Structures are given as structure tokens and as C-alpha cells.
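Novice: just need the structure, nothing else, for what follows:
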Amino acid sequence: MRSMKICSAMIYFMSKGERLSREHVFGQQGNPVYAIWPVGRKWGVAYHDGKRWVSHAFIPPQSEREAYDCAIGHYYKHF
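Specialist: Numbers count the residues shown, from 1 in each chain. This is a model prediction of the structure:
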């Protein structure tokens, strides 16, 4: 798993079948947490709102870069 911290947001780039621990999700002291992972040939993007995971792409992105752009676009729009 790779991770990147931008301002207060933590973005996790996960491999297929990898999971985040509770410390990764809830240990950020209220800061935004995003997860990016492969789904077949496409990519999934989700944001943890403190209670549940919310998907950000109705149509899954084609590349990891597009998934990252979706996550960081949400961060800049809402935070």
C-alpha cells in the first residue's frame, strides 16, 4: 500500500485485495481519508465521511491517475 498526504487529506493507493486498518481510517483526527484501488481493469475511488465509505465515481476511472484526479478534485471542492 502506498499513501500520500496532501494538506490534511490522506490518500491510500491499495493493491487488489488489500484492506485499510481501523488506524488508517480513524487515526487521522477528523482529516479526510480517500482510498483508490483496482477493480478489474478500472479503478475504484471512495471517501470516508467519518461513518461510512462513499464512492466518488459513477463510472469507474480507466486509470490510477484518473482515480487520483477524482479524489483530489473532491478534496479541493469540499475542503
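
Novice: CA atoms for contacts and neighbours, from now on please.
Specialist: Fine.

Novice: list the buried residues for the lowest-mean-pLDDT helix or strand in the chain?
Specialist: The helix or strand of the chain with the poorest confidence is helix 22-26; it has a mean of 90 (mean pLDDT, DSSP states H and E). Buried residues in helix 22-26, counting neighbours by 16 or more other CA atoms under 10 Å, are found at residue 25.

Novice: got the CA coordinates for it in PDB?
Specialist: In PDB, the C-alpha atoms belonging to helix 22-26 read as follows (Å, rounded to 0.1, in the frame of the first residue of the first chain):
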ATOM      1  CA  ARG A  22      -9.100   1.000  11.600                       C
ATOM      2  CA  GLU A  23      -6.000   3.100  12.500                       C
ATOM      3  CA  HIS A  24      -5.700   4.100   8.800                       C
ATOM      4  CA  VAL A  25      -9.300   5.200   8.600                       C
ATOM      5  CA  PHE A  26     -10.000   6.600  12.100                       C
END
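
Novice: how about the longest helix anywhere in the chain: buried residues?
Specialist: For the chain, the helix that runs over the most residues, judged by DSSP state H, is helix 64-78. For helix 64-78, a neighbour-count test (16+ other CA under 10 Å) marks 64, 67, 68, 70, 71, 72, 75 as buried.

Novice: could you point out the helix or strand that follows the least confident helix or strand of the chain?
Specialist: Scanning forward in sequence from helix 22-26 by DSSP states H and E, the next helix or strand is strand 33-39.

Novice: what's that next one packed up against?
Specialist: Strand 33-39 is packed against strand 9-13, strand 42-48, helix 64-78, with contacts defined by 3 or more CA pairs under 8 Å, 6 or more residues apart in numbering; DSSP states H and E.

Novice: done for today, thanks.
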